[in-house]
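Novice: got a structure for you, letters missing:
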């Protein structure tokens, strides 16, 4: 059974940092891509970052470039999202998702339940 579990969300002031983790199980880690997505109230789910694990290649949304960093820990089967210089507009539920490649939200096969990030001004 494929399982993804996010952790690390919370409340932080603008300018602060958080580190999200996505623990994955149920599939061969290197065979997949792991993406981070977010959904703010009343808005569509949007892609934030993605990593193709076997290649180490990464993608970032323009809104987070230079502030967020995606990384993997193969020993722990986790993918992390380091978020620095957080802004109130980063407030959302953050999800990790898995598929054989980085894709749009609607095309990703497996999802975690999400973790809430709240950035206060």
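Specialist: That came through, no problem. Predicted model, so just to flag it, every value in this text is computed and none were measured.
Novice: which residues of the protein fall in helices?
Specialist: Assigned by DSSP state H, the chain shows no helices.
Novice: okay, which residue is most central for it?
Specialist: Centroid-nearest residue in the chain, with CA atoms, centre = their mean: residue 36, separated by 2.4 Å.
Novice: Test my guess that that one contacts residue 50.
Specialist: Yes: with contact defined as CB atoms under 8 Å, residue 36 reaches residue 50; the gap is 7.1 Å. (Glycine included, C-beta is placed from N, CA and C.)
Novice: quick one: common contacting residues for these two?
Specialist: residue 70 (CB atoms under 8 Å, 6 or more residues apart in numbering).
Novice: what sits up against stretch 68-78?
Specialist: Contacts of stretch 68-78 (CB under 8 Å, 6+ apart): 21-25, 29-30, 34, 36, 48-51, 53, 56, 58, 60, 79-84.
Novice: Quick check on these: which are buried?
Specialist: Burial by neighbour count, judged by 16 or more other CB atoms under 10 Å, picks out 21-24, 29, 34, 36, 48-51, 53, 60, 79-81, 83 from those.
Novice: Pull out the buried residues from stretch 109-121.
Specialist: 110, 111, 112, 114, 115, 117, 119.
Novice: How many residues are close by the nearest residue to the third one once chain neighbours are set aside?
Specialist: To tie it back to what came earlier, the one meant is residue 112. Nearest non-adjacent residue to residue 112, counting by CB to CB, 6 or more residues apart in numbering: residue 4, 3.8 Å away. The tally of other residues near residue 4 (other CB atoms under 10 Å) stands at 20.
Novice: so what's residue 4 bridging to?
Specialist: Beta-bridge partners recorded for residue 4 (DSSP bridges): residue 24.
Novice: so it makes contact with residue 21?
Specialist: No: using CB under 8 Å, residue 4 is not in contact with residue 21, being 10.5 Å away.
Novice: The closest residue to residue 85 other than its chain neighbours - how many residues pack around it?
Specialist: Distance criterion CB to CB, 6+ apart; nearest residue to residue 85, sequence neighbours excluded, is residue 67 at 4.6 Å. Number of residues near residue 67 (other CB under 10 Å) recorded here: 15.
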